[in-house]
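> Quick one, fold the following:
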Amino acid sequence: MQTLQTIWQNIENPVLYAVPFFIVFVILEAALLKAAGRREGRSGYSAIDTRTSMSMGIGALLFFGAYKLGVLVAFGVLWTYLAPWHIPTTAWWSWVLLFVLVDFLWYWYHRFSHRVRIAWAAHQAHHSSEYFNLGTALRQKWNPWIEPLFWLPLPLLGFAPWTIFVAFAFNLIYQFFTHTEMVGRLPRPIEFVFNTPSHHRVHHGSDAEYLDRNYGGFLIVWDRMFGTFQGELHTPTYGLTKQVDTYNLLELQYHEYRSIIRDVRAARRWRDKLGHVFGPPGWQPKRADEDVPVRVG
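Okay, the predicted model is just below:
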């Protein structure tokens, strides 16, 4: 059995090795957009916005380090004592199967993060930029508390814990390159199967027709299968439906938790308190003259 240090290296290497390339691609994209004259509106880069995104990315690496160590230990126990078999890590088919399963579970985790307010409170930090570029991909949350629940089936199915994190890391690396306006629509077979910049631009749009769409990480087929796909109709309006209008890192990361606490305190009935926590973002209690709750954000 591998030592904890060896496993930890296997987990971290893909993303850590990719970080310098992320920075190079951000600089390259910014230079190309500037040369093309795309500096008006929300096309291109903003120095303070990009600096904020990178700071949030650095913070996420630190928070995720402690988090991954704890999850690794828990998954190791499940894999060692509860998995009915151990899937070989040297078989090519096991990696293909794992990559597909990780992406499938990512779809449901990502969808949950948009449709349940307490999970959205963490995930919204990634959507808080009004720009859409490779720098935006680095704008990551500092609160990954819900993710392990969605990866739980994998060690129980027999996948070694370190392989789960490696597969997830490569999934995230792929998603980095979907955060760009420089790539238009790709050939139809690619657009049909894979998550592309066109599909992910839709996901980051705050327009009504783009909300809660295109959750796929590596594959877009999950959205097509489960009714959440939306093709790109026009250039999206990026950001949140209610912009935070700040570059304060703590405010960007935690303001929605404060709003949840405020709404829960103001609610009189327990079902309304629970609705503010577990309902979709923008959920409001049903008024006496209404038949259904109203979503306002």
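> got the residue ranges for the strands in the stretch 1-150 of the chain?
Secondary structure of the stretch 1-150 of the chain (DSSP state E, counting those that start in this stretch): no strands located.
> in it, what spans have low per-residue confidence?
1-13, 38-43 (pLDDT under 70).
> Helices of that one, residue ranges please.
Taking DSSP state H, counting those that start in this stretch as the criterion, the stretch 1-150 of the chain contains helices spanning 4-35, 47-81, 92-115, 117-123, 147-151.
> For residue 166, find the nearest of the ones you listed.
helix 4-35 (5.9 Å; CB to CB). C-betas here are computed from N, CA, C, even on glycine.
> Most tightly packed of the helices of the stretch 1-150 of the chain?
Stretch with highest mean neighbour count among the helices of the stretch 1-150 of the chain: helix 117-123 (a mean of 20; mean count of other CB atoms under 10 Å).
> Let me see the residues that make contact with it.
Here helix 117-123 makes contact (CB atoms under 8 Å, 6 or more residues apart in numbering) with 110, 112-114, 141-146, 254, 256-257, 259-260, 276-281, 283.
> how about a cut-off of 6 Å?
Outside helix 117-123, the residues that touch it by CB atoms under 6 Å, 6 or more residues apart in numbering are 112-113, 141, 143, 146, 256-257, 277, 279, 281.
> from those, which is closest to residue 249?
Using CB to CB, residue 141 is the member of these that lies nearest residue 249, at 11.5 Å.
> what sits against the closest one?
122-123, 125-126.
> switch the cut-off to 10 Å
By CB atoms under 10 Å, 6 or more residues apart in numbering, residue 141 lies in contact with 56, 59-60, 63-64, 113, 121-128, 147, 252-253.
> how far away is it from residue 125?
5 Å (CB to CB, to the nearest Å).
> Could you measure from the residue nearest to residue 207 when sequence neighbours are not counted over to residue 201?
Spatially, and ignoring its direct neighbours in sequence, residue 207 is nearest to residue 237 (5.4 Å; CB to CB, 6 or more residues apart in numbering). Look at residue 237 and residue 201: by CB to CB, they are 11 Å apart.
> Verify the stated contact: residue 240 with residue 246.
No. Using CB atoms under 10 Å, residue 240 is not in contact with residue 246; the gap is 11.6 Å.
> Now do the SS call for residue 180.
Assigned with DSSP: H, G, I helix; E, B strand; the rest coil, residue 180 falls in the coil class.
> cool, and residue 232?
Reduced to three states by three-state DSSP, residue 232 is coil.
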